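with the sequence up front, the predicted model follows.
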Amino acid sequence: MAKSITERLDTLYEYDREPVPENKLHGAGNFMGLFAGEHVAGTEFIIGPLFVAHGVSAPDLFLGLFLGNLLAVLSWAFITTPIAIRTRLNFYWQLRKIAGPRVTFVYNIVNALMFCFLAGAMISVSATAVGLPFNMPMPTLNDLYPTSFAWVITVFAVGAVVTSLAILGFQKLSHFGKIASPWMFLIFVAAGLAVLPQLGVHHPSDFWHVANERIWTGIPMEGQSKFTLWHVLFFSWFCNMAMHIGMADMTMMRYAKKWSYGFFSAFGMYLGHYVAWIASGILCAAALGEVAPGPIAYLGAGIAGAACVVIAGWTTANPTLYRAGLAFQTITPNWKRWKVTLVAGAVTTVAALFPALMMKLLDFVALYGLLLMPMGAVIFADFWLIPKLKLQSAFAEARGLQMSWPAASAWLITLGLALMIPLDIFFKGLPAWFIAVGIYLAGSWIQQKNSKYSMEG
Amino acid sequence: MKTILKLVSIAGLLLTILPAILVARGSLDLETHYGWLLIGMVFWFVSVPFWMKEQVD
């Protein structure tokens, strides 16, 4: 059973089993576009308003986002890309070499479930725009369950369309998402600019005063916890934790000519996670605290704004749903791809019915990163630190092991300890990374010192 | 042909951002801004798929 699962998983990734050859590498422009496209997405419409709701002050927001995004860029440049360009392997194969196919299989399933919930949040985001012409009552910040029959119908309709399109043609739709991103970014900026006079900004010199007094006032909305500079900094650093220190972006960065291409992540961070979050926060304030993306985008940009929410939500949900289907296919090998995607779409749509997924997006994104990040720490430790301890890198591959217990322990124990650390979820990622590295190194040392296959043995 | 399509795309982006700047300066009303944004959206999406090449994943 285990072997057949492994074989099925390998088959899915067969097409990129080999390291990327020199002639397939890509130039700087591609990476600027990829990062900018990937990080100007549907989620940006809800994250900016959630900062407003959590009572972030204007100085904390501007400084926290600047520093957090800088740390994210440095993580891509100094942690992800150097390993990606040396191995030229995608994340799946690198993890499989180190952790063994069974751990990799479990990782894929956890990842797929997280993808389903993320896509669900995006369907909720789109539904807030689709429901606008029908005067659908919008979910509010503290809503956890479906709020009306109209909401249920709208979410089902959006979910059905997103799932059908993911089944019919992922590649073309994925391309559509990329061509939409420059326009989407400008819609964010345009919508934010256009509502500034409503908030009392009639001259650039008015902005900072209004930002402090009417937008990021430092006072949380009712029922919301207070966010500080540290919350903003750590959230913006770690909202893509699975991608940078979690190493999932090895898959993309293995095409980079130089390690320094990791710095191009700045295009995604400072356009999407700085300008777009600020713009959507301004929209939230102009809408008197409304956080539903559809109405706030309509307020700033009319029909084009509502269309932008639908497109942004849809283009994020579509590849996410496709990837979830791909991972789930390993446990249902006799099912056709369309059937797996249909089931993943159904799970996603049911999840989308609950506005909690959208309204608690900050917590969900932090949890998503934390769950997957330890495997990135394992890859980092195996690549740089294991050779320095005169141990064998990729020991599972060298020994033909189905599972590396040091890697599995690093994952599970780290998550257990992270849950016990008495810190807000946004702050757990940093200590958890060091814990995962420590457990993997200690476990590998014990495993290999007891093995005749160690380098010294 | 490709040059014309690119010009239409650029016009689409300009129609997306310039009216918002005018609204912020107080020289354009919000409803007119909505209309220009809609035209900009049409310009962008009817032209850009024909010239923007697919990128690496």
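Sure, I can see it.

spatially, what comes nearest to whichever residue of chain B sits closest to chain A if we skip its sequence neighbours?
The nearest approach of chain B to chain A comes at residue B:34, 2.7 Å away (CB to the nearest CB). Every C-beta, even on glycine, is put in place using the N, C-alpha and C of the backbone. Using CB to CB, 6 or more residues apart in numbering or on different chains and skipping the chain neighbours, the partner closest in space to residue B:34 is residue A:302 (2.7 Å).

so who does that neighbour touch?
Taking CB atoms under 8 Å, 6 or more residues apart in numbering or on different chains as the criterion, residue A:302 is in contact with B:30-31, B:33-35, B:37-38.

now do residue B:7
Contacts of residue B:7 by CB under 8 Å, 6+ apart: none found.

still on that earlier bit, what's the closest of the contacts of residue A:302 to residue B:15?
Each of the contacts of residue A:302 was scored against residue B:15 by CB to CB, and residue B:37 proved nearest at 7.1 Å.

quick one: contacts of the helix or strand harbouring that closest one?
Assigned by DSSP states H and E, residue B:37 belongs to helix B:30-47. By CB under 8 Å, 6+ apart, the residues outside helix B:30-47 that reach it are A:180, A:183, A:187, A:190, A:194, A:301-305, A:307, B:5-6, B:8-9, B:11-16, B:18-20, B:22-23.

got the buried residues for that helix?
Residues of helix B:30-47 classed as buried: B:30, B:33-34, B:36-38, B:40-41, B:43-45, B:47 (neighbour count, 16 or more other CB atoms under 10 Å in any protein chain shown).

coming back round to it: against residue A:139, how distant is the residue nearest to residue B:34?
As judged by CB to CB, to the nearest Å, residue A:302 and residue A:139 stand 22 Å apart.

quick check: residue A:264 vs residue A:33, distance?
Taken as CB to CB, the span from residue A:264 to residue A:33 is 9 Å.

would you list the phi and psi of the closest residue to residue A:443 other than its chain neighbours?
Distance criterion CB to CB, 6+ apart; nearest residue to residue A:443, sequence neighbours excluded, is residue A:406 at 2.9 Å. Dihedral pair for residue A:406: phi -60, psi -40, per degrees, to the nearest 10.

these two touch, right, residue A:406 and residue A:444?
Yes. Between residue A:406 and residue A:444 there is a contact at 4.6 Å, judged by CB atoms under 8 Å.

in ChimeraX, select just the buried ones from the contacts of helix B:30-47.
What follows is the ChimeraX syntax selecting those of those that are buried according to 16+ other CB under 10 Å:
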select /A:180,183,187,190,194,301,302,303,304,305,307 /B:5,8,9,12,13,15,16,19,20,22,23
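
flag the shaky bits of the chain, pLDDT-wise.
If you meant another chain, say so; for now it's chain A. Applying pLDDT under 70 to chain A flags residues A:1-17, A:169-174, A:330-331, A:333, A:452-457.

that's the wrong chain, I wanted chain B
B:53-57.

top helix in it by residue count?
In chain B, taking DSSP state H as the definition, the longest helix is helix B:2-25.

identify the residue nearest the geometric centre of chain B.
Taking CA atoms, centre = their mean as the criterion, residue B:12 is the residue nearest the geometric centre of chain B, at 1.9 Å.

how near is that one to residue A:355?
Counting by CB to CB, the gap from residue B:12 to residue A:355 is 33 Å.

ok, the helix or strand residue A:196 falls within near chain B or not?
For residue A:196, the host element (DSSP H and E) is helix A:170-199. Yes. Judged by CB under 8 Å from any CB of the partner chain, helix A:170-199 comes into contact with chain B at A:174-176, A:178-180, A:182-183, A:186-187, A:189-191, A:193-194, A:196-197.

mind saving the C-alpha coords of the longest helix of chain B as PDB?
Only the C-alpha atoms of helix B:2-25 are listed here, as PDB (Å, rounded to 0.1, in the frame of the first residue of the first chain):
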ATOM      1  CA  LYS B   2       1.000  43.900 -31.600                       C
ATOM      2  CA  THR B   3       2.000  47.500 -31.100                       C
ATOM      3  CA  ILE B   4      -1.600  48.700 -31.400                       C
ATOM      4  CA  LEU B   5      -2.700  46.100 -28.900                       C
ATOM      5  CA  LYS B   6       0.000  47.200 -26.500                       C
ATOM      6  CA  LEU B   7      -1.100  50.800 -26.800                       C
ATOM      7  CA  VAL B   8      -4.700  49.800 -26.100                       C
ATOM      8  CA  SER B   9      -3.500  48.000 -22.900                       C
ATOM      9  CA  ILE B  10      -1.500  51.000 -21.800                       C
ATOM     10  CA  ALA B  11      -4.500  53.200 -22.400                       C
ATOM     11  CA  GLY B  12      -6.500  50.700 -20.200                       C
ATOM     12  CA  LEU B  13      -4.100  51.100 -17.300                       C
ATOM     13  CA  LEU B  14      -4.000  54.900 -17.700                       C
ATOM     14  CA  LEU B  15      -7.800  55.000 -17.700                       C
ATOM     15  CA  THR B  16      -7.600  53.000 -14.400                       C
ATOM     16  CA  ILE B  17      -5.300  55.200 -12.500                       C
ATOM     17  CA  LEU B  18      -5.600  58.800 -13.900                       C
ATOM     18  CA  PRO B  19      -9.300  59.400 -13.100                       C
ATOM     19  CA  ALA B  20      -8.600  58.300  -9.500                       C
ATOM     20  CA  ILE B  21      -5.800  61.000  -9.200                       C
ATOM     21  CA  LEU B  22      -8.300  63.500 -10.500                       C
ATOM     22  CA  VAL B  23     -10.900  62.400  -7.900                       C
ATOM     23  CA  ALA B  24      -8.300  62.800  -5.200                       C
ATOM     24  CA  ARG B  25      -7.500  66.300  -6.400                       C
END
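
need the residues of the stretch 151-300 of chain A near chain B, please.
Residues of the stretch 151-300 of chain A lying close to chain B by CB under 8 Å from any CB are A:174-176, A:178-180, A:182-183, A:186-187, A:189-191, A:193-194, A:196-197, A:201-202, A:252, A:255.

redo that, cut-off 10 Å
Counting by CB under 10 Å from any CB of the partner chain, the stretch 151-300 of chain A comes close to chain B at A:171-172, A:174-176, A:178-180, A:182-187, A:189-198, A:201-204, A:251-252, A:255-256, A:298-300.

select only the buried ones of the residues you listed in PyMOL?
In PyMOL, a selection of the buried entries from these looks like this (16+ other CB under 10 Å):
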select buried, chain A and resi 174+175+176+178+179+180+182+183+184+185+186+187+189+190+191+192+193+194+195+196+197+198+201+251+252+255+256+298+299+300
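
give me the element the residue nearest to residue A:332 when sequence neighbours are not counted is part of.
Using CB to CB, 6+ apart and skipping the chain neighbours, the partner closest in space to residue A:332 is residue A:340 (5.8 Å). Here residue A:340 sits within helix A:337-352, counting by DSSP H and E.

next, the angle helix A:170-199 makes with that helix.
Here helix A:337-352 points in a direction 20 degrees away from that of helix A:170-199 (axes from the mean of the first three to the mean of the last three CA atoms, to 10 degrees).

residues of helix A:337-352 that come out buried?
For helix A:337-352, burial by neighbour count (16+ other CB under 10 Å) applies to A:340-345, A:347-349, A:351-352.

okay, that helix in PDB with CA atoms only?
The C-alpha coordinates for helix A:337-352 follow below in PDB (Å, rounded to 0.1, in the frame of the first residue of the first chain):
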ATOM      1  CA  ARG A 337      -8.600  14.200 -12.300                       C
ATOM      2  CA  TRP A 338     -12.000  15.900 -12.900                       C
ATOM      3  CA  LYS A 339     -13.600  13.800 -10.200                       C
ATOM      4  CA  VAL A 340     -11.000  14.600  -7.600                       C
ATOM      5  CA  THR A 341     -11.100  18.300  -8.400                       C
ATOM      6  CA  LEU A 342     -14.900  18.100  -8.100                       C
ATOM      7  CA  VAL A 343     -14.600  16.600  -4.600                       C
ATOM      8  CA  ALA A 344     -12.000  19.200  -3.600                       C
ATOM      9  CA  GLY A 345     -14.300  21.900  -5.000                       C
ATOM     10  CA  ALA A 346     -17.200  20.600  -3.000                       C
ATOM     11  CA  VAL A 347     -15.100  20.600   0.200                       C
ATOM     12  CA  THR A 348     -13.900  24.100  -0.600                       C
ATOM     13  CA  THR A 349     -17.400  25.400  -1.300                       C
ATOM     14  CA  VAL A 350     -18.800  24.000   2.000                       C
ATOM     15  CA  ALA A 351     -15.800  25.700   3.800                       C
ATOM     16  CA  ALA A 352     -16.600  28.900   2.000                       C
END
